[in-house]
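K.L.:
sharing a model prediction with you, sequence too.
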Amino acid sequence: MGKLIALQERIPHISSECICLHCGYEWIGVFPTGVTSLECPECGLMKGVFKGVCVPEKVLECNCGCRHCFVSGEGNIICCNCGITHRF
């Protein structure tokens, strides 16, 4: 069994299957949202990536039911379906 690490409370985390692009080691990881570089627990290199689709616990959903949004250059969140700008 791998090392257990205490998580900080009240910080959103995601869990995902992960794989190292260097050595091929696979593991289940839990990371704060926004993390993009993963350290492989086997070889120690920052070559880990999320395996498959990784979705955060909280997902924004527009009033039209769409969950696909993008952030404009001004920092606004815009629905890809109806084009409404949301402020959160």
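P.N.:
On my side now, so go ahead.

K.L.:
surely P32 is in contact with H13?
P.N.:
Yes. The criterion here is CB atoms under 8 Å, and P32 meets it with H13 at 5.6 Å. Glycine gets a C-beta too; all of them are placed from N, C-alpha and C.

K.L.:
quick one: which of these two has more around it?
P.N.:
It is H13, of P32 and H13, that has more neighbours when counted by other CB atoms under 10 Å, with 14 against 11.

K.L.:
which residues of the chain score low on pLDDT?
P.N.:
Applying pLDDT under 70 to the chain picks out residues 1-10, 53-59, 88.

K.L.:
show me the domain layout of it.
P.N.:
By the assignment in automatic domain parsing, the chain contains the domains 1-57, 58-88.

K.L.:
quick one: C40 and C20 touch, right?
P.N.:
Yes. Proximity of C40 to C20 meets the contact threshold set by CB under 8 Å, at 3.8 Å.

K.L.:
which neighbours do those two share?
P.N.:
When contacts are counted by CB atoms under 8 Å, 6 or more residues apart in numbering, C40 and C20 are jointly contacted by K47, G48.

K.L.:
much appreciated, bye for now.
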